[in-house]
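1. Sharing a model that was predicted from the sequence below.
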Amino acid sequence: MEFYHLRSFVAVAQTGNLTKAAKRLYTTPPAISAHIKSLEEELATPLFIRSSKGMSLTEKGQLLLQKAQVTLDSAVDLVNLAADNQHEIIGTFSLGNNLSVEQIKLAELAINIEENCPGISLSIHQQSSGQIIQDIRSQQLDGGYIFGDIPDDFIAITVQEQKITTVAPLTFDASKIFTASDLSKQSWIMMGEYCPFDDLLKNKLGNNISSVLKSSDDGTRLELVKGNFGLSFITLDEARVAEKSKAVQIISTLDFFIPLHFVIAKRRVKEPVIKALLQEIRILWQLND
């Protein structure tokens, strides 16, 4: 039984999909399939039930998953013992980002990592907060920036407070907006089911919000606002840039502050690459341990 067979097995068990498992392990679906086949032949038992909806574990597969995870965790512990300083750590950190690269200081982070952890490379993925949480749990991401509540199985570093405001098309008559109820009658561009901003918007305006478009990407929502498709929440920093270029107007009626967190899964906190990135995040944002 090969170590990489177990890694492929666990990835498929957690994602239920060969393609997603291959993406996580930076390989191809045929390679993952071959690993699973070899493992099933060696154990002389089917480990997955294959269907059009994906792959689910058999009873024997469930038992093996528990043992395989223990084996992989033990291997991580061995790496922890071997890597006693950041310059010796080699790996890739997949980072989920819910803001612009300027707002999360990505260029500064990349420079710091190159200097302090030259063996670590970054892979950046633009996603909503909720999707980042899901992908960290399935290990498609190693960590990321999110808004909203911190799940119990996560560790968070709060890096700053972000002010969120409302942007509207230049043609929108803001002179008639005095209260939140005035805004509840307008058409909104929502963020999507994985973004906490939608819940906050509903808390402020009620559940009967008129919305026909959704996007978790701030840039896309800005373009939709410019195109007169509706109003939308966005960070004040980006709203001011757009307002200065005479692309949108800002309506401050619903303004609120929300903390921006950098999060990782608790169960991975001892992994060398994870530990190194947490330290670099603290340095980047000038935070105390």
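-> Looks like it arrived, so ask away. Numbering: from 1, shown residues only.
2. Regarding this structure, what is its longest strand?
-> With DSSP state E setting the assignment, residue counts place strand 249-265 as the longest strand in the chain.
3. Going by neighbour count, which residues of it are buried?
-> 249-251, 254, 258, 260-265 (16 or more other C-beta atoms under 10 Å). All C-beta atoms are positioned from the backbone trio N, CA, C, and that covers glycine.
4. same deal with stretch 55-73?
-> Result for stretch 55-73 [16+ other C-beta under 10 Å]: buried residues 55, 57, 61, 64-65, 68-69.
5. what ranges do the helices span in this protein?
-> 3-15, 18-24, 29-43, 59-82, 106-116, 129-137, 180-183, 196-205, 218-226, 236-244, 272-284 (DSSP state H).
6. where does the stretch 1-150 of the chain dip in pLDDT?
-> 1, 73-87 (pLDDT under 70).
7. mind redoing it with 80?
-> 1-4, 24-26, 69-88 (pLDDT under 80).
8. now swap in the stretch 151-289 of the chain and tell me
-> 192-194, 288-289.
9. Can you give me the neighbour number for the nearest residue to Arg221 once chain neighbours are set aside?
-> With C-beta to C-beta, 6 or more residues apart in numbering as the criterion, Arg221 has its nearest non-adjacent residue at 4.5 Å, and that residue is Ser232. Counted with other C-beta atoms under 10 Å, the neighbours of Ser232 add up to 28.
10. tell me the contacts of Ser232?
-> 166-167, 188-191, 221-222, 224-225 (C-beta atoms under 8 Å, 6 or more residues apart in numbering).
11. The same query, at a cut-off of 10 Å, please.
-> 165-168, 187-191, 197, 201, 211, 213-215, 218, 220-222, 224-225, 239, 248 (C-beta atoms under 10 Å, 6 or more residues apart in numbering).
12. Quick one, which of those residues are buried?
-> Buried by 16+ other C-beta under 10 Å: 165-168, 188-191, 197, 201, 211, 214-215, 218, 221-222, 224-225, 239, 248, out of the contacts of Ser232.
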